[in-house]
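In: Below is the sequence, then the predicted model.
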Amino acid sequence: MTITIKDLQVINTAPEGINLTVVKLITSEPGLYGLGCATFAYRPLAVTCYLEQYLKPLLLGRDVSAIEELWALMHQNAYWRNGAVENNAIAGVDLALWDIKGRQAGMPCYQLFGGAVRKGVPVYRHVDGSSVDEIVDQVQYYQSLGVRHLRVQAGGYGGGLDLNAPATAPRGSLPGIYLNSREYIRKTVDLFDKLRARLGFEMDFVHDVHERIAPSEALVLAKALEPYRLFFLEDLLPLDATEYLRQVKAQCSTPIAQGELFNNPLEYRHLIVERLIDFMRAHITQLGGITPARKLAIFCEQFGVRTAWHGPGDMSPIAHAANIHIDLAARNFGLQEWSGIEPPNFVIQELSHKKGALLEVFDGLPEFDNGYVYPNDRPGLGVEINEKEALKYPISNEVTTWTQTRRVDGSLVLP
Ligand code: GCO
Ligand code: MG
């Protein structure tokens, strides 16, 4: 008897003050359901509408076992493809289908992917501060927890969080988060020089440029950071400038990571085939879920490109768990971002939120211990949601401000 999709429900919740969107697929088998993540923190209502108005009518009554068929059906159903809203919506269904597959098999998803090649997943945590002393304190705190890899930022991404035009901007410039790229480069190189002088080379550091500087400036930064032997330098360039990585890789040994903004193969295929990136950092639900993500990880393996899946605060524990299941079975695993239950710093500074609320809503978040993350080995992705608790944390629909990033002359720069 074929088990089919009986209902598709969307659960929106923001326990940490960050919008999270969960898909619950109810099947025709009593008690059998799956949970997926469709989080696109800045467009939750659009994703919800896409799921309820378009994917639900398409999917009801279809065979839950046919994951490849259903992914392709969703992907091409609107003819135009690979948008951020639709890919995150499709991912919500796709992760739920893999969750169902694991629950039916009585196995954690990583077993379905070929079994684990490591017992725990090495992760990096986030460090951010306004002074070297503050950053050194945080590094030493995480070192005490056994963490061996850290992302180090000095004031978010390239600039502060001030939404007012600086005095140096032209008269009448609009509010925004202003970035002086030359100053950012000077400060970043100076920061890592001081960190290495004080801490040595035992800890592995990554740094996120977040696509905000010009290609020639990016090359200068990557070369200037060579002596500090970063584990990787992330989002050195925006998606539409990644051809310039040919110049960067030809002149510089700093390992390069790109990917959280990837939507489709046309954006990353050349980067992997030409080995212009060393670490692929896609956001699993932005790609459309586990189904395309596994194919991308295996494609990377052919070219010696390692994985470093995006793992930010604006991702639900279900997607974090999906990252971990893929990591466990991947031989070309590089490093996993683990922002864990703390949201990104720009959210903490903007919104008050109850610490720990995330774990009241979600049960089964993979466990962080001594620099590694471990799945809970339950069948499927291993995460459950308390729908009653979820209702306590409604999502917000304010205008997004942190992406209003501007150069010193007041013009917008990609965030
Ligand atoms: C990272 C990312 C995030 C993004 C955030 C956007 O490397 O973790 O750059 O911090 O800025 O996911 O919402
Ligand atoms: Mg990033």
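Out: Perfect, thanks for sending it. Please read these numbers as outputs of a predicted model, since none were measured by experiment. Ligands and ions are numbered 1, 2, ... in the order given.
In: residues contacting Asn376?
Out: Residues in contact with Asn376 (Cβ atoms under 8 Å, 6 or more residues apart in numbering) are 108, 364, 366-367, 382. For every residue, glycine as well, the C-beta is placed using N, CA and C.
In: What count of nearby residues applies to the closest residue to ligand 1 within the stretch 201-350 of the chain?
Out: Distances between the stretch 201-350 of the chain and ligand 1 by Cβ to the nearest ligand atom are smallest at Pro312, namely 3.3 Å. By the measure other Cβ atoms under 10 Å, the count of residues near Pro312 is 19.
In: close enough to count as contact, it and Ser339?
Out: Yes: under the criterion of Cβ atoms under 8 Å, Pro312 makes contact with Ser339 at 5.1 Å.
In: re earlier: which of the contacts of Asn376 are buried?
Out: 108, 364, 366, 382 (16 or more other Cβ atoms under 10 Å).
In: which among these gets closest to ligand 1?
Out: The shortest gap between ligand 1 and any of the buried ones among the contacts of Asn376 belongs to Pro366, at 16.9 Å (Cβ to the nearest ligand atom).
In: And the closest one, what's its pLDDT?
Out: Taken from the predicted model, the pLDDT recorded for Pro366 is 91.
In: how much space is there between it and ligand 2?
Out: Pro366 is 20 Å from ligand 2, where distance means Cβ to the ion, to the nearest Å.
In: Over to Arg103?
Out: Distance of Arg103 to ligand 2, given as Cβ to the ion: 32 Å.
In: Ok, Val136 next?
Out: As for Val136, its distance to ligand 2 is 23 Å (criterion: Cβ to the ion).
In: for Val132, same thing?
Out: Separation of Val132 from ligand 2 (Cβ to the ion): 22 Å.
In: surely that residue meets Phe192?
Out: No: with contact taken as Cβ under 8 Å, Val132 and Phe192 are classed as non-touching, separated by 10.0 Å.
In: So between the two, which is more surrounded?
Out: The neighbour count for Val132 versus Phe192, taken as other Cβ under 10 Å, is higher for Phe192 (20 against 17).
In: Name the SS class of that one, please.
Out: helix (DSSP: H, G, I helix; E, B strand; the rest coil).
In: picking up where we left off before, which of the contacts of Asn376 sits closest to ligand 2?
Out: For ligand 2, the nearest member of those is Pro366. The distance, counting by Cβ to the ion, is 20.2 Å.
In: Any idea how many residues pack against the residue of the stretch 151-300 of the chain found nearest ligand 2?
Out: When Cβ to the ion is the measure, the stretch 151-300 of the chain has its nearest residue to ligand 2 at Asp208, with 4.3 Å between them. Using other Cβ under 10 Å, Asp208 has 23 neighbouring residues.
In: For it, give me its contacts.
Out: 151, 153, 157, 234-235.
In: swap in Phe333?
Out: The contact partners of Phe333, by Cβ under 8 Å, 6+ apart, come to 117-118, 121, 306-307, 327.
In: next one: Leu271
Out: Applying Cβ under 8 Å, 6+ apart as the definition, the contact partners of Leu271 turn out to be 242, 245, 258, 277, 280.
In: Filter those residues down to just the ones in strands.
Out: With strands defined by DSSP state E, the entries of these inside them are 258, 280.
In: Pipe the contacts of Leu271 into JSON lines and attach pLDDT per row.
Out: Supplementary listing: these in JSON lines, determined by pLDDT from 0 to 100:
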{"residue": "Thr242", "pLDDT": "96"}
{"residue": "Leu245", "pLDDT": "98"}
{"residue": "Gln258", "pLDDT": "98"}
{"residue": "Ile277", "pLDDT": "98"}
{"residue": "Met280", "pLDDT": "98"}
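In: Please check the contacts of Leu271 and keep the buried ones.
Out: Buried residues within those, counting neighbours by 16+ other Cβ under 10 Å: 242, 245, 258, 277, 280.
In: near ligand 1, which residues of the protein?
Out: Taking Cβ under 6 Å from any ligand atom as the contact definition, the chain meets ligand 1 at 41, 208, 210, 260, 310, 312, 314, 337, 344.
In: now for those residues, which pair is the farthest apart?
Out: Greatest spacing in the residues of the chain next to ligand 1, by Cβ to Cβ: Ala41 and Asp208 (17.1 Å).
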